[in-house]
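Trainee: task: produce atomic coordinates for the following.
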Amino acid sequence: MDQTGSSQSPDQRYCANCGRHISHGTNFCPQCGASNVTSDSPASPMTGNKRIDHIKYRNMIVQVILYIITLGIYGIYWYYVTFNELRVANGKDEGPGCLWTILLLVPIANLFSFWFHSFEYAEFIDNRYPGIAIFILWIVFAPVVWFLVQWDLNQAARRQA
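Mentor: The predicted structure is shown next:
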């Protein structure tokens with residue numbers, strides 16, 4: 001049901017970096033400053049070949065409040081949901097999201113869970129951050145990973161809206 005091809009005017013261009021609409025004659029994106037603004041569709045490298053129609057926008061402040069109120073249980077739910085969103089966006093089935101979430105709670109096995117979540121996220125953002133760096137951040141300071149993952153998922157959710 002995509003009718004963007006028939007309803008777009010020839011003057012409509014999008015930033016190849018962030019996906020924002022760029023007015024005709026502009027050489028730089030006013031949002032991100034990228035100089036490559038020649039894309040004819042709103043897809044960006046982060047979501048270029050990714051399926052993003054299933055990604056849900058989540059308010060980050062509300063997430064922190066839910067995490068505190070539920071004494072961390074919301075964090076487990078968030079991990080499960082985002083793992084599945086990343087897998088589907090990367091063209092895989094939802095399959096092992098539950099298994100990796102359960103392993104998140106098991107010492108030593110949680111490292112494997114973090115590893116797979118890190119590389120799903122890295123694949124989603126086309127390795128803008130290497131998976132190994134995300135994995136190390138999971139171990140050293142997990143809130144940074146939460147912020148990065150949720151930020152990029154929210155950006156994708158905004159693009160599809």
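Trainee: show me the contacts for Asn84.
Mentor: If you count contacts by Cβ atoms under 8 Å, 6 or more residues apart in numbering, Asn84 has them with Glu94, Gly97. (Each C-beta comes from the backbone N, C-alpha and C, glycine too.)
Trainee: show me what secondary structure element comes after the helix or strand harbouring it.
Mentor: Secondary structure from DSSP states H and E places Asn84 in helix 73-89. As assigned by DSSP H and E, the chain's next helix or strand after helix 73-89 is helix 97-104.
Trainee: from Asn127, how far off is Ala133?
Mentor: Shown here: Ala133 relative to Asn127, a distance of 10 Å by Cβ to Cβ, to the nearest Å.
Trainee: leaving out sequence neighbours, find the closest residue to Val144.
Mentor: Leu137 (5.1 Å; Cβ to Cβ, 6 or more residues apart in numbering).
Trainee: where does this structure dip in pLDDT?
Mentor: Low-confidence segments of the chain, defined by pLDDT under 70: 1-21, 31-32, 34-49, 161.
Trainee: thinking Glu123 is in contact with Asn90, fair?
Mentor: Yes - the pair formed by Glu123 and Asn90 meets the contact definition of Cβ atoms under 8 Å, at 4.9 Å.
Trainee: just say helix, strand or coil for the residue in the chain sticking out farthest from the centre.
Mentor: Among the C-alpha atoms of the chain, the one farthest from their average position, using Cα atoms, centre = their mean, is that of Gly25, at 30.2 Å. Three-state call for Gly25 (DSSP: H, G, I helix; E, B strand; the rest coil): coil.
Trainee: got the contact list for Trp115?
Mentor: Gly131, Phe135.
Trainee: which strand or helix spans it?
Mentor: helix 109-124.
Trainee: beyond that helix, next helix or strand please.
Mentor: Sequence order places helix 131-140 as the next helix or strand after helix 109-124, per DSSP H and E.
Trainee: got the angle between that following helix and helix 109-124?
Mentor: With axes from the mean of the first three to the mean of the last three Cα atoms, to 10 degrees applied, the angle from helix 131-140 to helix 109-124 works out at 140 degrees.
Trainee: after helix 131-140, which helix or strand is next? Please name it.
Mentor: Going down the chain from helix 131-140, the next helix or strand is helix 142-160, by DSSP H and E.
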